[in-house]
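[1] Just a sequence and a predicted model for now, questions to come.
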Amino acid sequence: MRNFKKKIVALLLLITMTMPILSVPTETYAASSSKSTKVITLAKKQLGKKYVWGKSGPSSFDCSGFTYYVIKKTTGKTIPRSSTAQGQHGKYVSRKNLKKGDLVFFATTGKGRVSHAGIYLGNQKFIHASSSKGKVVISSMASGHYYKTFVNGRRVI
């Protein structure tokens, strides 16, 4: 019985020692998590709103109009209006270093230059005004079209 108690105590110590390691979040957050939370919250409130080329809200959006609107309303910052210009604005972020609230950019026309924009949500997902879906949607960047066409991220908050 005494040997059993020693094993239980040793197991509990091991669990206690490894819990801090296990509790470290796998996603990192933008420098200001409250700002990124505001960005994501407002972005998600736009889900389902209609895609209209050249529009920047509040009832319809194109992709860069969506990112422009959300950043302006949540942070007060004005970013460029086109996806190409937005893709060069702010701090460069690689795919592996994306944080929630970062802007993400894609070369979707096959010409190698930025032509689509969205907002990173974490877990390889982003929210954007999609011309093919005709509305604001959440899509995956983990594989497929958006994985292949990813250009870069930009940190503007």
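    Ah, there it is. Numbers count the residues shown, from 1 in each chain.
[2] Lowest-scoring secondary structure element of the chain by mean pLDDT?
    helix 2-22 (a mean of 50; mean pLDDT, DSSP states H and E).
[3] and the spatially most central residue of the chain, bridged to which residues?
    What sits nearest the mean C-alpha location of the chain, by Cα atoms, centre = their mean, is Y120, with 1.0 Å. When assigned by DSSP bridges, Y120 has beta-bridge partners F126.
[4] So for it, what's the pLDDT?
    Y120 carries a pLDDT value of 98.
[5] With adjacent residues omitted, what lies nearest to K91?
    Using Cβ to Cβ, 6 or more residues apart in numbering and skipping the chain neighbours, the partner closest in space to K91 is R155 (4.3 Å). (C-beta placed from N, C-alpha, C; glycine too.)
[6] what's the spacing between that neighbour and S131?
    Relative to S131, R155 is positioned 25 Å away (Cβ to Cβ, to the nearest Å).
[7] Look at those two and report which has more neighbours.
    R155 (18 against 14; other Cβ atoms under 10 Å).
[8] what are the ranges of the helices in the protein?
    Residue ranges of the helices in the chain, as given by DSSP state H, are 2-22, 33-45, 63-75, 83-86, 145-149.
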